[in-house]
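Student: Return atomic coordinates for the entry below.
(2 chains)
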Amino acid sequence: MATTETTDSVQTRLLGREFTFPVEGTWLAYWLVMFRLVGGWWLLHAGLDKLVNWPFDAGWFVGGAAQGTSLGPFVTLFSDGAALTFVNIAIPIGQTMIGLGLILGALTRTAAFFGAFLMVFFYFINGETGGWAHGVVTGELLGLLVFGMIATLGAGRVLGVDGYLIRTEFVDKHPRLRYLIG
Amino acid sequence: MADRTLPTKVAQYVGGGLVVFGVVVVGLVEMIAGASHPVTAEGQIVHEALVPIEMRAYLILAGLVIWGLYALYRVAAVAPVGAAGQRRRVETRQPE
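Tutor: Coordinates of the predicted model:
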């Protein structure tokens, strides 16, 4: 049986110029799933690793490494007491939930948003304390961009739980939920 | 083809512009006339850099913050793509 690739046309305008270009739907869907799975495992592994080796102490990062970096004045507010306890719990749980969300394609946009949010802290604090020794483009920055792309394009609709959720009557009645799923 | 709103243009051009400026343009200038990397592997600041590392970090951070604020603005103020009204508009374009 002969098969044909699904090709859609994208029309848009950028920097004052109009563009029309074909996109092969199959490959777009394929790469969205790949980014979701690999990016999801990145954070799921990071979260599970901390949970398996509990207790987790982020004090060295928020109270130590962050000092003197561009995010230091904000991050060091969480360096002791109840705030540090919150971080010690929120980071492993958050990373695990984000990873699961991305891999399963469930609440994908929410997961990707918080994945990008976490990457902002890792990017600047790790970078300014030695991670930028080979330039400012690091895995954290690329991860941040990938998470941004996943959230923007709604990658969870491809082979993900969100593909089911988005068709439910509940989401149809509450369309703003499409910003959290998809 | 719908025109983009002002907040969208700000997010795309100002947010993206700051990130590209801080990462690519400053990086190119540093490669030519400054330091090829802003810190050492031990985390020591390289003082030969033309643009101080803090300033470069804040340029990139400002771009990322604009993107993040735009995401929050979209959720709060704009109907999502695929919502009922927009779906009808897309369907009317199908026969073209």
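Student: Run through who's touching stretch A:62-82.
Tutor: For stretch A:62-82, the surrounding residues in contact (Cβ atoms under 8 Å, 6 or more residues apart in numbering or on different chains) are A:59, A:83-84, A:86-87, A:120-121, A:124-126, A:128-129, B:54, B:57-58, B:61. For glycine as for every other residue, the C-beta is placed from the backbone atoms N, C-alpha and C.
Student: can you rerun that using 6 Å?
Tutor: A:L84, A:V87, A:F124, A:I125, A:E128, A:T129, B:E54, B:A57, B:Y58 (Cβ atoms under 6 Å, 6 or more residues apart in numbering or on different chains).
Student: How about it, which residues are buried there?
Tutor: A:V62, A:G63, A:A65, A:A66, A:T69, A:S70, A:L71, A:G72, A:V75, A:T76, A:F78, A:S79 (16 or more other Cβ atoms under 10 Å in any protein chain shown).
Student: With stretch B:24-39 instead?
Tutor: B:V26, B:G27, B:E30, B:G34, B:A35, B:H37, B:P38, B:V39.
Student: Wait, the fifth one touches B:E48, no?
Tutor: Put plainly, it is B:A35. Yes. Between B:A35 and B:E48 a contact is recorded at 4.3 Å, counting by Cβ atoms under 6 Å.
Student: just the helices in chain B please.
Tutor: Assigned by DSSP state H, chain B shows helices spanning B:6-9, B:16-20, B:26-33, B:53-77, B:84-93.
Student: Write out the residues of chain B neighbouring chain A.
Tutor: B:1, B:23, B:37-43, B:54, B:57-58, B:64, B:75, B:80, B:82-83 (Cβ under 6 Å from any Cβ of the partner chain).
Student: Low-confidence bits of the chain, can you list those?
Tutor: Just going to use chain A. Scanning chain A for pLDDT under 70 picks out A:1-5.
Student: Correction: the question concerned chain B.
Tutor: B:1-3, B:82-96.
Student: One more pass at 50, please.
Tutor: B:85-96 (pLDDT under 50).
Student: what residue is smack in the middle of it?
Tutor: By Cα atoms, centre = their mean, chain B has its centre lying nearest to B:G16, at 2.7 Å.
Student: In contact with A:G101: list those residues for me.
Tutor: Here A:G101 is in contact with A:L107, A:A111 (criterion: Cβ under 6 Å, 6+ apart).
Student: follow-up on the earlier one: of the buried residues of stretch B:24-39, closest to A:D49?
Tutor: Using Cβ to Cβ, B:V39 comes nearest to A:D49 of these, at 26.2 Å.
Student: so how many other residues sit close to the residue lying closest to that closest one once chain neighbours are set aside?
Tutor: Spatial nearest neighbour of B:V39, excluding adjacent residues (Cβ to Cβ, 6 or more residues apart in numbering or on different chains): A:W132 at 4.9 Å. Other residues near A:W132 come to 26 when the count uses other Cβ atoms under 10 Å in any protein chain shown.
Student: surely A:W132 meets B:T40?
Tutor: No. With contact defined as Cβ under 6 Å, A:W132 does not count as touching B:T40 (9.4 Å).
Student: Leaving out sequence neighbours, find the closest residue to B:F21.
Tutor: In space, B:F21 is closest to B:L59, 6.1 Å off (Cβ to Cβ, 6+ apart).
Student: picking up where we left off before, buried only: go through the contacts of stretch A:62-82 for me.
Tutor: A:L84, A:V87, A:F124, A:I125, A:E128, A:T129, B:A57, B:Y58.
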